[in-house]
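In: All I have is the shape, not the residue letters:
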């Protein structure tokens, strides 16, 4: 039997009005009902705020945090975590989509195997919901595994809130989730996988996650500043990470 404990779903919002309705509804429509949704409005421009309020006002399980200015996803997720009341934390970006049984399946699996962290396989889709390729979760990940490559989709992750007590997101423009997984793994947390495809992760043109140069810069910071590697080893790890990403992307695009 799956856990009956509350799940806090952390959802930062920044200029994704066209996708928000479907993304939010994919959370509200979950078959697992003991949830709270925490939306962090992270835009200094408040134009979309009335729209967000019009979508969520009927749902008593939804909280809205309004940032005075754009803090970025890392700080916004941290605000959501600090204001959460759930036993578990799950993440979704406001342009991604969840399978309606996402939480139910993951919690049942976690309860059965006594797990504290779980990520799943996911589809990559474009702005028009067209499937581009799939990312398969095929193994549990250790710290050494993660140093070289990472296929953990943030919107597929659910974990015990206790794991984040002294481990929040660092203020990076990209790779902030990758750094968090490294931090947890380094402390001995096993990053367990679930093979079912439970999430559609949206790849948008000109998004931070698609900015290659920014990702390379932030990857270097992850290794050099936060993992205390020397310059040489940091550069080597950036090259390995980039090579593995290119290799995986090449194989994926051959399937398009």
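Out: Everything's here; your move. As the structure is a prediction and not an experimental result, all values here were calculated from the model.
In: Residue ranges in the stretch 151-256 of the chain under the pLDDT threshold?
Out: When the per-residue scores of the stretch 151-256 of the chain are filtered using pLDDT under 70, the ranges that remain are 205-210, 247-256.
In: can you give me the helices for it?
Out: 176-186, 212-221, 231-254 (DSSP state H, counting those that start in this stretch).
In: Now do the strands in this protein.
Out: Assigned by DSSP state E, the strands in the chain fall at 7-13, 35-41, 62-66, 88-91, 97-98, 117-125, 131-135, 158-160, 192-202.
In: on that earlier part again, JSON lines please, covering the helices of the stretch 151-256 of the chain and showing distance to residue 75 and mean neighbour count.
Out: (Glycine included, C-beta is placed from N, CA and C.) Output for these, formatted as JSON lines (distance: least, CB to CB, whole Å; neighbours: other CB atoms under 10 Å):
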{"stretch": "helix 176-186", "distance to residue 75": "9", "mean neighbour count": "21"}
{"stretch": "helix 212-221", "distance to residue 75": "15", "mean neighbour count": "16"}
{"stretch": "helix 231-254", "distance to residue 75": "24", "mean neighbour count": "13"}
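In: Distance to residue 116 for the ones you listed - can I get that in CSV?
Out: Shown next, in CSV, are those (distance: least, CB to CB, whole Å):
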stretch, distance to residue 116
helix 176-186, 9
helix 212-221, 26
helix 231-254, 25
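In: circling back to that earlier point, worst average pLDDT in the strands of the chain?
Out: For the strands of the chain, the bottom mean pLDDT is recorded on strand 131-135, which sits at a mean of 91.
In: orientation of that one relative to strand 192-202 in degrees?
Out: With axes from the mean of the first three to the mean of the last three CA atoms, to 10 degrees as the basis, strand 131-135 and strand 192-202 are set at 160 degrees to each other.
In: Give me the helices and strands touching strand 131-135, please.
Out: Here strand 131-135 is seen to pack against strand 117-125, strand 192-202, helix 231-254 when contacts are counted using 3 or more CB pairs under 8 Å, 6 or more residues apart in numbering; DSSP states H and E.
In: can you pull the buried residues of that strand?
Out: Neighbour counts using 16 or more other CB atoms under 10 Å place 133, 135 of strand 131-135 among the buried residues.
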